[in-house]
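**Student:** Sequence and predicted structure below; questions after.
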Amino acid sequence: MAAFREHITVSSMLGLGYGVAATTLLGYSPAEAAVGGVIAGIGGMLPDLDIPTGRPGQEIFSLTAAVAPLVLVGHILKWSKLPVNTEIMILLMLWLYVMIRYGLAWLVNKFSVHRGMFHSLPAMLIAAESVYLVYPNHNVTVKLLMACGVSLGFFSHLFLDEVYSVGWTGPIPNLKKSFGTAIKLSGHTLGPTLFTYALLLAMTLLVGEQSGIIGPPVQTPGDPIIGQEEKLKRETAAPPIVQQAAIPEAEQTDAPLFR
């Protein structure tokens, strides 16, 4: 199994290359590319959340607890219809920090096992979809940049664990017991596997709804979506100032010119 240093080094280098490619080849802004690269670097630590008492778990839970409130507070205010003021925002951010740093870490420590479903391809997709859903930007391509970034870092962790599961003590490779426990589609027990796929299905439906693939088209600021008939009416209708200035035909023929 690769150590924390190897994981964070590889994912950071991949994040650097990912950010450079995003801005030079794909046309993203330097700020967007930089954030995507950082998210890719962080993604390299995510599979080790199943050991929250270890260094990777402590680092990622602390970082998530510090950053997540900044991203989630807007969504919570929107969903809960709470009044938007400074005090409510401060209380929400403090509550989110405590819940993530201690509550979520306790739950993961209690119900997860190392090299369980956290080390799997479905978990990688859940991480990517989570970033897509919560990233505070209406631009789909930017959200995809961030989601693909965390997938890149996450997969690098799984790949390294599989590489380190092969021993080369001689000319013939020796497969360790841990081989096949990282890049996998299911776990050894049915319950965690079913839960992971149920969560993945729920996240996929949310992504489809937010992106407009499922349900009615999503209306984004500055780009209203209207039907074809309504659009044709708007294009052919006279401007309001013309409508106000126009004199009905009956008045033009029947009414005297001077009163």
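**Tutor:** Arrived safely.

**Student:** Run through the helices of the protein in chain order.
**Tutor:** Assigned by DSSP state H, the chain shows helices spanning 4-24, 30-43, 55-80, 86-98, 105-111, 121-134, 140-163, 190-211, 228-236, 240-245, 249-254.

**Student:** if I pick the closest residue to residue 19 other than its chain neighbours, what's in contact with it?
**Tutor:** Leaving aside its sequence neighbours, residue 19 sits nearest to residue 37 (C-beta to C-beta, 6 or more residues apart in numbering; 2.9 Å). (C-beta placed from N, C-alpha, C; glycine too.) Residues in contact with residue 37 (C-beta atoms under 8 Å, 6 or more residues apart in numbering) are 15, 16, 17, 18, 19, 20, 22, 149.

**Student:** ok so, going back, distance to residue 182 and mean pLDDT for the helices of the chain - can I get that in TSV?
**Tutor:** Formatted as TSV, those follow (distance: least, C-beta to C-beta, whole Å; pLDDT from 0 to 100):
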stretch	distance to residue 182	mean pLDDT
helix 4-24	11	90
helix 30-43	14	93
helix 55-80	14	76
helix 86-98	30	86
helix 105-111	18	73
helix 121-134	10	92
helix 140-163	4	92
helix 190-211	15	89
helix 228-236	50	49
helix 240-245	63	44
helix 249-254	78	47
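
**Student:** how about the ones you listed in CSV, adding distance to residue 49?
**Tutor:** Output for the helices of the chain, formatted as CSV (distance: least, C-beta to C-beta, whole Å):
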stretch, distance to residue 49
helix 4-24, 12
helix 30-43, 11
helix 55-80, 6
helix 86-98, 17
helix 105-111, 6
helix 121-134, 9
helix 140-163, 11
helix 190-211, 13
helix 228-236, 48
helix 240-245, 57
helix 249-254, 74
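
**Student:** Who are the contact partners of residue 120?
**Tutor:** 158, 182, 183, 184, 185, 186, 187, 196.

**Student:** Just give me the closest of the contacts of residue 37 to residue 77.
**Tutor:** Within the contacts of residue 37, proximity to residue 77 (C-beta to C-beta) peaks at residue 149, which comes in at 26.3 Å.

**Student:** Next, count neighbours for that closest one.
**Tutor:** Per other C-beta atoms under 10 Å, the neighbour tally for residue 149 reads 27.

**Student:** sorry, back to before: can you tell me which of the contacts of residue 120 has the most neighbours?
**Tutor:** Ranked by the number of neighbours (other C-beta under 10 Å), those place residue 182 first, at 24 neighbours.

**Student:** how many neighbours does the closest residue to it other than its chain neighbours have?
**Tutor:** Leaving aside its chain neighbours, residue 182 sits nearest to residue 161 (3.8 Å; criterion: C-beta to C-beta, 6+ apart). Residue 161 sits with 22 neighbouring residues when counted by other C-beta under 10 Å.

**Student:** From residue 83, how far out is residue 161?
**Tutor:** Separation of residue 161 from residue 83 (C-beta to C-beta, to the nearest Å): 47 Å.

**Student:** Could you do residue 94 as well?
**Tutor:** Going from residue 94 to residue 83 by C-beta to C-beta gives 17 Å.

**Student:** Also residue 44?
**Tutor:** 39 Å.

**Student:** what sits against residue 122?
**Tutor:** With the criterion set at C-beta under 8 Å, 6+ apart, residue 122 makes contact with 185, 196, 197, 200.
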